[in-house]
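Engineer: Turn this into a structure:
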Amino acid sequence: MGRQKIIYISHIMPAEVGNGGVHRGYQILHQLSALVGREQILLFTPETLRAGGQNGHARPHGGVGRQLKEWATFRAGTLRRAARNPYRLLQRTNFVTGLHPALKAFYEEQIKGLAGQAVCVIDHTQFSELLPLNRKHGIPTISCTQNFDALAENFEALTTSLHVFGGGQTPRQQVGVYAALTDFANELQFLAQCDERLFISKLETGVTGSLGLRCHYHPYVPVGALRAQAERIRQRRETSARAAGLFLFVGTAAYGPIGKSCEWLIENVRQHGLPQGVRLVGVGAGTERLLPAGEVVPGLELKGWVEQAELDELLVQARAVLVPQQFGFGALTRLPELSCAGIPVIGCQHPSWAIDPPPGFEMLEAAWPAWAARIEQLSRAEQRVFADDYDAWAAAQPQPLAHVISRLLDEPARAAH
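Structural biologist: Okay, here's the model as predicted:
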């Protein structure tokens with residue numbers, strides 16, 4: 001593709017160590033780098049935009065007058081956002097899309113002159129105010145979001161309100177539902193304005209496609225360093241024994257849908273106990289707060305965030321990983337990673353609506369007797385997940401990002417001729 005560039009705007013710094021969002025960002029950056037070369041990618045995150053907007057490149061000197069003008073511009077933007085969702089004047093939501101004028105000015109300065117030479121990939125709706133700048137400078141925009149952001153970030157307010165719909169909502173809860181759904185309507189407007197739409201989940205792909213918008217299912221698979229890491233765990237599992245009765249659950253419990261699902265698991269363990277000889281370890285940000293301070297449940301250990309080396313060691317030793325998720329949008333990046341690492345998974349049906357379940361994923365009803373029985377069986381007899389089965393699954397997954405970008409980059413060249 002010569003010297004053509006890709007602008008990648010991510011809500012989080014992509015890396016091989018971190019939560020599922022970080023890993024999805026790494027997958028996208030890795031695939032973009034394979035397409036045009038890492039040196040041809042302009043990566044923007046909230047941190048790099050803030051740093052650029054504050055270092056003087058985007059702010060000509062103008063003293064108090066300039067500052068007042070920027071304040072007035074930002075205030076006008078705030079009023080425009082309020083007009084798009086007047087319910088937020090009565091009930092704030094967690095869905096935020098506004099950017100300071102200095103950050104937009106910095107971004108625009110970086111993309112000037114790239115018309116016909118670049119494509120922009122945006123992974124979160126919070127950057128929606130950059131879309132008009134891309135259009136102004138002739139740069140196509142691809143949405144590659146990790147969720148329906150408005151619904152994911154307003155999850156707590158929506159579920160709390162909807163669960164009491166028949167039992168007498170308060171006026172504040174009613175307004176909260178309208179505010180969240182108006183945010184979602186605005187998100188759909190953003191998606192409609194993009195040139196292409198890619199989704200990590202079949203569920204989001206289906207909903208968006210049903211509304212008449214062209215979109216593509218672009219599932220998560222571990223690539224690069226993430227795949228190498230999973231394969232190292234598989235190799236270690238093949239040459240070592242499992243720890244007696246060790247099971248894990250892994251996830252960011254601080255994130256609403258995962259937290260509520262983990263609470264279901266913990267409450268069942270509290271009430272009914274674990275099968276004899278079983279030890280269950282919870283790993284991930286927020287898992288350490290799933291029990292009240294000082295409470296001890298036999299066989300249950302909540303570690304919170306751990307270093308990668310400790311997590312790898314637990315994954316090598318574990319009989320299986322429990323995935324109790326029953327709520328939320330997006331997709332669980334750890335399911336393909338665990339399959340690649342050769343680790344069996346027990347899970348509910350919900351994740352299967354988002355992705356084709358990879359080898360090793362065993363679906364159970366959301367009822368504790370079924371889970372307890374299967375945990376007890378796996379504590380006595382090991383189940384293997386074979387590398388060939390995972391490779392066949394991964395090869396069958398659609399990966400349309402490269403095709404979509406190539407088409408958008410080629411269109412200006414064809415038009416020029």
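
Engineer: What's the end-to-end length of stretch 286-304?
Structural biologist: Taking C-alpha to C-alpha, to the nearest Å, stretch 286-304 runs 6 Å from one end to the other.

Engineer: Check the average confidence over it, would you?
Structural biologist: On average, the pLDDT along stretch 286-304 is 93.

Engineer: What of stretch 31-38?
Structural biologist: So the average pLDDT for stretch 31-38 ends up being 95.

Engineer: now do stretch 217-228
Structural biologist: Mean pLDDT, computed over stretch 217-228, is 98.

Engineer: Name the residues of that stretch that come out as buried.
Structural biologist: Tyr217, His218, Pro219, Tyr220, Val221, Pro222, Val223, Leu226, Arg227 (16 or more other C-beta atoms under 10 Å). Backbone N, C-alpha and C define where each C-beta goes, glycine included.

Engineer: Distance-wise, check the closest residue to Val323 other than its chain neighbours relative to Gln235.
Structural biologist: Nearest non-adjacent residue to Val323, counting by C-beta to C-beta, 6 or more residues apart in numbering: Gly347, 3.8 Å away. Distance, Gly347 to Gln235, by C-beta to C-beta, to the nearest Å: 24 Å.

Engineer: Same check on Arg380?
Structural biologist: Plainly put, Arg380 is 25 Å away from Gln235 if you go by C-beta to C-beta.

Engineer: which one of the buried residues of stretch 217-228 is nearest Gln325?
Structural biologist: Tyr220 (14.6 Å; C-beta to C-beta).

Engineer: neighbours of the residue nearest to the closest one when sequence neighbours are not counted, just the number please.
Structural biologist: Among residues not flanking Tyr220 along the chain, Thr333 sits closest, at 4.7 Å (C-beta to C-beta, 6+ apart). Residues near Thr333, counting by other C-beta atoms under 10 Å, number 24.

Engineer: list the contacts for Thr333?
Structural biologist: Each residue near Thr333 by C-beta atoms under 8 Å, 6 or more residues apart in numbering is listed here: Gly20, His23, Arg24, Tyr220, Pro222.

Engineer: Touching, Ala244 and Gly277? I think so.
Structural biologist: Yes. Contact criterion C-beta atoms under 8 Å: Ala244 and Gly277 qualify, at 6.7 Å.

Engineer: who touches both of the two?
Structural biologist: Overlap of the contact sets of Ala244 and Gly277 (by C-beta under 8 Å, 6+ apart) consists of Ser379.
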